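Colleague: I'd like to go over a predicted model; first the sequence, then the structure.
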Amino acid sequence: MPTRKPVDCHFLNRELALLKFNERVLALAANPSTPLLERLRFLCIVSANLDEFYEIRVSSLKEQLHQGADSVGEDGMTPAQALQSVAALAQDIVARQYALLDGEILPRLREAGVALHRVPDWTEAHHAWARERFLTDVMPLLTPIALDPAHPFPRVYNKSLNYIVSLSGRDAFGRNAAIAIVQAPRALPRVIRVPSEVSGYPHGYMLLTSLMHAFLGELFPGMQVNGCYQWRVTRNSDLFVDEEEITNLRHALQGELTQRHFGDAVRLEMDANTPPELEAFLQREFGLQPIDSYRVSGPVNLSRLMQIANDTKRPDLLFPEYRPVMPAALATVADRPAELFATIARQDQLLHHPYQSFQPVIDFLTAAAVDPNVVAIKQTIYRTGEDSELMKLLLAAARSGKEVTVVVELMARFDEQTNIHWAARLEEVGAHVVYGVVGHKTHAKMSLVLRREAQGLTRYGHLGTGNYHPRTARLYTDFGLLTANRTICEDMDMVFSQLTGLGERRQLKALLQSPFTMHDTMIAAIRTEIRNAKAGKRARIMAKMNSLLEPTIIQALYEASQAGVRIDLIVRGVCTLRPGVPGLSERITVRSIVGRFLEHSRVYYFLNGGDERVYLSSADWMDRNFFRRVEIATPVLDPKLKKRVIAESFTFALRDTALAWIQDADGNYHRARKRRGEPVNLHQHLMHTLGSA
């Protein structure tokens, strides 16, 4: 029998906590006050999240089982028990998704003039138009594969759309195949716009699968098609690169990326009407068990319906448009590099996206690229997008002869290919491109500009909690700090030197850095609050992040609660801490804000005996962020900006009664209790207060 370590049930299960976050997103889709197309969008986001959940988290549990692991985790579960619990909750979430889609969202969209035409409801006009589209645009790209000794089961891409077809009869060669597989071409859109004169609605759509389902018989002339059923398989998508053996990370990663699409299968989704024998056949083909199968009463892969939300021009069915504002101090100097740098030198500039525009960051790098007095730019890149204005500015700066150093994180999950592309382009124009430190992802968000001025070389920096990605900066809440603080900027330069060169660890004066000082400093700050509470002083901890998982930090927070420290945690996603347990954590509250914008900023606050300490950071409180990544936490030193960060991160979030969910000791979430008067909506409040600034 395997040795089991003692169970510490002070921790919740990570995978179940992640699924519960998706339940909160699903609640946005179910909320009648959410605009209709936004409800569809949130429904699609849940599907996309579940895809990644299976590709990474469930595949990890299955790998533990495959290796024979039967140890009990800190949450008291073995991998097998966790998989059982995950499957039960995921099945329930998926069932609720489809019930919501078919019972509410699609019917109400149709009433509003947005129709998804499905085969049983087609009119003669729909049928004629769809047949023409199938014969012209779809059928030439289809390759039916009848399964027999000469035609083995095809290699199936991760998450690709497929049909399994039940056949009878003999073909021209006398073959009597009973099953065929038809793969939907990846080059074709999954959602097809139907002309309004055919649709009968201002905005009409059909799914590619509808066309295939209706006319697949055209692929098998003379054969009897007994049934055709859509399905797809989800595969393990975690990359493995042996970092001790490789000599060029980019080349090694390019080779590994080609295999990502064909990892071990972890989930099978199929039409609810699929006969049991065909389901069993697919399970055997992919080495899956019944627990891994998901029958759905609608389109397989709901995330493809995102195209309807994106393409339908109906402002009345969307959130009211919000345009981020430019801070006044930066708006007037945006196109004057010398004045922009002078403005930053006079006072640190705090940006809170998406309420405030990301444009000042672009302006900062534009000024650096064109200003002849700027001699060097140093930049980290984790995620930035395929058509990145920021990367084009770095390319232009390198072409103009400036020293451009870019630390590109090639292992940014699902953005590897994009980052490889940019790394190659930067190298072509003479930029210094490095891939950080092997074994430690570079997740820190930093941009450093070195400018020649009368008093000598002056450094200007931007540090953020989010990626240099203008699109997500309109959707994610993040802080950014533009600063010429000498100590902070010198620390940034030392971090860049560590990332690009070799040498002993150098002591930073202002910044906290993972994997060196951040974890120890957080523990020390918690211990200070414990000492102050025991001494009868006021003690307070507030922290805002995406995920809270690291057990040492959680244990320290438990000790702080027992010592009398008041602790308020705002954790958007996964939290394995149990709040409100008598004798353990009754002074800890955990809330999750889920709404129009994705809460993404990481902010730490410690009362510190009245000398408040506030940090903006790229790091969640997770093992990987503390010990296996290069992360930065930046102190907010300006008193006015510190006050702003506290108010915008905590004060109003802790009053929210519209978007907030309160976590209980069992890991369940309940909507924040409404108070008298108008509900407090954090996102609307910040749009109003910062938008009118």
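Modeller: Yep, it's here. Numbering: from 1, shown residues only.

Colleague: Quick one: list the elements packing against the longest strand anywhere in the chain.
Modeller: Ranked by number of residues, the top strand in the chain under DSSP state E is strand 224-235. Using 3 or more C-beta pairs under 8 Å, 6 or more residues apart in numbering; DSSP states H and E as the contact test, the elements touching strand 224-235 are strand 162-168, helix 208-215, strand 265-271, helix 276-286. Placement of C-beta: from N, CA and C, glycine included.

Colleague: among these, where is the model least confident on average?
Modeller: Mean pLDDT is lowest for strand 162-168 out of the helices and strands packed on strand 224-235, coming in at a mean of 91.

Colleague: can I get the CA coordinates of it in CSV?
Modeller: Extracted in CSV, the C-alpha atoms of strand 162-168 (Å, rounded to 0.1, in the frame of the first residue of the first chain):
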residue,chain,number,x,y,z
ASN,A,162,-15.4,15.7,-36.5
TYR,A,163,-18.3,13.6,-37.5
ILE,A,164,-18.7,9.8,-37.1
VAL,A,165,-21.0,8.4,-39.7
SER,A,166,-22.9,5.1,-39.5
LEU,A,167,-23.2,3.5,-43.0
SER,A,168,-24.7,0.4,-44.6
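
Colleague: Run a quick neighbour tally on residue 683.
Modeller: The tally of other residues near residue 683 (other C-beta atoms under 10 Å) stands at 21.

Colleague: Check whether it really touches residue 594, as I assumed.
Modeller: No - if you go by C-beta atoms under 8 Å, residue 683 and residue 594 don't touch, sitting 10.2 Å apart.

Colleague: Shouldn't residue 666 be within a helix?
Modeller: No - counting by DSSP: H, G, I helix; E, B strand; the rest coil, residue 666 falls outside a helix, being coil.

Colleague: Against residue 79, how distant is it?
Modeller: Distance of residue 666 to residue 79, given as C-beta to C-beta, to the nearest Å: 21 Å.

Colleague: Of these two, which one has the most company?
Modeller: Shown here are residue 666 and residue 79; by other C-beta under 10 Å, residue 79 has more neighbours (22 against 9).

Colleague: Quick check: which element contains the residue lying closest to the more buried one once chain neighbours are set aside?
Modeller: Nearest residue to residue 79, sequence neighbours excluded (C-beta to C-beta, 6 or more residues apart in numbering): residue 64, at 4.2 Å. Assessed by DSSP states H and E, residue 64 sits inside helix 59-66.

Colleague: Could you list the residues in contact with that helix?
Modeller: Applying C-beta atoms under 8 Å, 6 or more residues apart in numbering, the contact partners of helix 59-66 are 15, 79-80, 82-83, 86, 235-238, 263-264, 266.

Colleague: Next, the buried residues of it.
Modeller: 59, 61-62, 64 (16 or more other C-beta atoms under 10 Å).

Colleague: contacts for the longest helix along the chain?
Modeller: As assigned by DSSP state H, the longest helix anywhere in the chain is helix 79-100. Outside helix 79-100, the residues that touch it by C-beta under 8 Å, 6+ apart are 13, 15-16, 19-20, 22-23, 26, 29-30, 43, 46-47, 50, 53, 58, 61-62, 64-65, 69-70, 73, 75, 77, 291-292, 294, 296-298, 302.

Colleague: swap the cut-off to 6 Å and go again
Modeller: Applying C-beta atoms under 6 Å, 6 or more residues apart in numbering, the contact partners of helix 79-100 are 15-16, 19, 30, 61, 64-65, 69, 291, 294, 296-298.

Colleague: Lowest-scoring secondary structure element of this protein by mean pLDDT?
Modeller: Counting by mean pLDDT, DSSP states H and E, the chain has its least confident helix or strand at helix 249-260, which shows a mean of 46.

Colleague: How many residues are close by residue 636?
Modeller: Around residue 636 there are 24 residues (other C-beta under 10 Å).

Colleague: Tell me how far it lies from residue 329.
Modeller: Distance from residue 636 to residue 329, by C-beta to C-beta: 17 Å.

Colleague: Residue 267 contacts residue 234, correct?
Modeller: Yes - the pair residue 267 / residue 234 is scored as a contact, 4.0 Å apart, by C-beta atoms under 6 Å.

Colleague: where do the contact lists of those two overlap?
Modeller: residue 54.

Colleague: which residues of the stretch 101-250 of the chain fall in strands?
Modeller: Counting by DSSP state E, counting those that start in this stretch, residue ranges of the strands within the stretch 101-250 of the chain are 114-116, 145-146, 162-168, 179-183, 191-194, 203-207, 224-235.

Colleague: Show me what the third one is packed up against.
Modeller: Read that as strand 162-168. For strand 162-168, the contact count by 3 or more C-beta pairs under 6 Å, 6 or more residues apart in numbering; DSSP states H and E identifies strand 179-183, strand 224-235 as packing neighbours.

Colleague: which strands and helices sit next to the host helix or strand of residue 452?
Modeller: Using DSSP H and E, residue 452 falls within strand 446-453. Strand 446-453 makes packing contacts with strand 374-381, strand 456-464 when contacts are defined by 3+ C-beta pairs under 6 Å, 6+ apart.

Colleague: What angle do strand 446-453 and the longest one make with each other?
Modeller: Regarding strand 456-464 and strand 446-453, their directions subtend 160 degrees when assessed with axes from the mean of the first three to the mean of the last three C-alpha atoms, to 10 degrees.

Colleague: got it, and the first one?
Modeller: Following the same axes, to 10 degrees, one obtains 180 degrees for the angle between strand 374-381 and strand 446-453.

Colleague: Okay, now the sheet partners of strand 374-381, with direction.
Modeller: When pairing is defined by DSSP bridges, strand 374-381 lines up against strand 403-408 (parallel), strand 446-453 (antiparallel).

Colleague: contacts for the last one?
Modeller: Residues from elsewhere that reach strand 446-453 (C-beta under 6 Å, 6+ apart): 368, 373-380, 457-463, 492.

Colleague: which of the residues you listed are buried?
Modeller: 368, 374, 376-380, 458-463, 492.

Colleague: which pair in these spans the largest distance?
Modeller: 380 and 458 (20.5 Å; C-beta to C-beta).

Colleague: hang on, the earlier thing: identify whichever of the strands of the stretch 101-250 of the chain lies nearest to residue 581.
Modeller: strand 224-235 (35.7 Å).

Colleague: can you give me the helices for the stretch 501-650 of the chain?
Modeller: All helices of the stretch 501-650 of the chain, identified by DSSP state H, counting those that start in this stretch, fall at 518-534, 551-563, 623-627, 639-646.

Colleague: Reformat the helices and strands packed on strand 446-453 into CSV and put mean pLDDT and distance to residue 138 next to each item.
Modeller: Compiled in CSV, these are given as follows (pLDDT from 0 to 100; distance: least, C-beta to C-beta, whole Å):
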stretch, mean pLDDT, distance to residue 138
strand 374-381, 94, 39
strand 456-464, 97, 44
